[in-house]
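Peer 1: A predicted structure for the sequence below; I have some questions about it.
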Amino acid sequence: MLNSDQTEIDLPPAHSEAEAVFSDCGGRAGSAEDAAGVGLCAQSRVTEPGEAVKKDLQHLSREERRRRRRATAKYRTAHATRERIRVEAFNMAFAELRKLLPTLPPDKKLSKIEILRLAICYISYLNHVLDV
């Protein structure tokens, strides 16, 4: 399980993409050996930086990849935003329903369950009025 500050890539935040490529060989990015091309191993020569991450994630199950993706800050922020919008829409619907229900006093604050129960009673009352 990932901590809240870990991302999909299992590298400390101080590492660059170049260091991630060289980490398999034990070499350090920016060293004199790397500049001369002597310290590179065949495994670390990847054409795109994202391929190294993809290779690391291929051995994981589908569920584990989903968990890692959901552990990112970007995903959590987007999810929190969607949830906030959903809750606001839910509360607005209750407010509109509340305006349609007769209560004494008219400005009485009702809980959501009270609004639903009162709506059920009011609808059954209106059905009874129509049947008579």
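Peer 2: Alright, I've got the coordinates. Numbers count the residues shown, from 1 in each chain.

Peer 1: Next, the buried residues of the helix or strand where residue 83 lies.
Peer 2: Residue 83 is part of helix 73-100 when elements are defined by DSSP states H and E. Neighbour-count burial for helix 73-100 flags 97, 98 (criterion: 16 or more other Cβ atoms under 10 Å). In short, each C-beta sits where N, CA and C put it, glycine included.

Peer 1: For it, which helices and strands make contact with it?
Peer 2: helix 62-70, helix 112-131 (3 or more Cβ pairs under 8 Å, 6 or more residues apart in numbering; DSSP states H and E).

Peer 1: which strands and helices sit next to the first one?
Peer 2: If you count contacts as 3+ Cβ pairs under 8 Å, 6+ apart, helix 62-70 packs onto helix 73-100.

Peer 1: So what's the residue count around residue 68?
Peer 2: Residue 68 has 19 neighbours, counted by other Cβ atoms under 10 Å.

Peer 1: before we move on, what about residue 115?
Peer 2: Residue 115: 18 neighbours (other Cβ under 10 Å).

Peer 1: follow-up on the earlier one: of all the helices and strands packed on helix 73-100, which lies closest to residue 86?
Peer 2: helix 112-131 (14.6 Å; Cβ to Cβ).
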